[in-house]
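Student: Have a look at this prediction, sequence included:
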Amino acid sequence: MSRIIIFILPFLLILTSITPAQGQNMVESDNKVEVVDSVNIEKYCGLWYEIARIPNSFQDKCAGRVTAEYELREDGKLKVINKCVKKDGSINKVKGIAKVTGEKSNAKLKISFVQLFGINLFWGDYWIIGLDKEYEWAIIGHPKRKYGWILSRESALSDSTMSRIDQILKNQGYDPDRFNKTNQREG
């Protein structure tokens, strides 16, 4: 009996680790997610407004006015500060760190918001899969398409820019309809 459990357990773990959304994404597109050719990290730094995102559990408390701010550290890593307004009107702020993962393009990063005894844990993929040549907007993706964000230097994007972004998402195997628009209004 114990041999059967040892044999079956790895398969059960693999099957239960694939959420329905992940399974759907794998069927949607067989092509790999591609990052942009080049990212100037210094130019990428600064304040970004979240325009839309694929819903995720770690942002459930965010009701609107979501921002991400990146600052280059002396060690080459990025300081990350994500903020949002919760449903009760209070501000939620989380600090993290991001690092480029050896790509010459600087478009593949790992990001962590969990630190224990000065050690960052639980690094997640943060891939820049679309980027305006003037760094006015960016599309952030994940190699398995389970996460996605549309960011902008302004709190809104024009319809023509959103159409262009939707086409990039489609070309990357994403369904643009999975992205929920973020409320960036003041009230």
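Tutor: Structure's in. What do you need?

Student: So, low pLDDT: which residues of this protein?
Tutor: 1-30, 186-187 (pLDDT under 70).

Student: Strands of that one, residue ranges please.
Tutor: 46-53, 62-72, 78-86, 91-100, 108-112, 114-116, 119-121, 124-131, 137-141, 149-152, 180-181 (DSSP state E).

Student: Around R164, how many other residues sit close by?
Tutor: For R164, the neighbour count with other CB atoms under 10 Å is 15. In short, each C-beta sits where N, CA and C put it, glycine included.

Student: switch to numbering from 55
Tutor: Got it, the first residue is 55 from now on, which makes the last one we talked about R218.

Student: Distance-wise, check it relative to E123.
Tutor: R218 is 25 Å from E123, where distance means CB to CB, to the nearest Å.

Student: So in terms of bridging, what pairs with C138?
Tutor: Beta bridges link C138 to N146 when assigned by DSSP bridges.

Student: Would you agree it is in contact with A117?
Tutor: Yes. Counting by CB atoms under 8 Å, A117 is a contact partner of C138 at 7.3 Å.

Student: Could you check which of those two is surrounded by more residues?
Tutor: C138 (21 against 16).

Student: Could you give the number of residues near the closest residue to T121 other than its chain neighbours?
Tutor: Leaving aside its sequence neighbours, T121 sits nearest to K137 (CB to CB, 6 or more residues apart in numbering; 5.1 Å). Residues lying near K137 (other CB under 10 Å) number 17.

Student: what sits against K137?
Tutor: 119-121, 123, 145-148 (CB atoms under 8 Å, 6 or more residues apart in numbering).

Student: Of those residues, which is the most crowded?
Tutor: Neighbour counts for the contacts of K137 peak at V120, which has 24 neighbours (criterion: other CB under 10 Å).

Student: just checking, it touches E104?
Tutor: Yes. The criterion here is CB under 8 Å, and V120 meets it with E104 at 3.8 Å.

Student: anything in contact with each of the two?
Tutor: Counting by CB under 8 Å, 6+ apart, the common neighbours of V120 and E104 are 236, 238.

Student: related to what we said a few turns ago, quickly name whichever of the contacts of K137 is closest to I204.
Tutor: If you rank those by distance to I204 using CB to CB, V120 comes first, at 11.1 Å.

Student: contacting residues for S92?
Tutor: Taking CB under 8 Å, 6+ apart as the test, what S92 contacts is 159-161.

Student: hmm, I was thinking of Q169
Tutor: Here Q169 is in contact with L175 (criterion: CB under 8 Å, 6+ apart).

Student: May I have the beta-bridge partners of it?
Tutor: Assigned bridge partners for Q169, using DSSP bridges, are N174.

Student: Check the gap between it and K162 for me.
Tutor: 22 Å.

Student: likewise L185?
Tutor: From L185 to K162 the distance is 13 Å (CB to CB).

Student: Which among the contacts of S92 count as buried?
Tutor: The neighbour-count criterion (16 or more other CB atoms under 10 Å) marks 160-161 among the contacts of S92 as buried.
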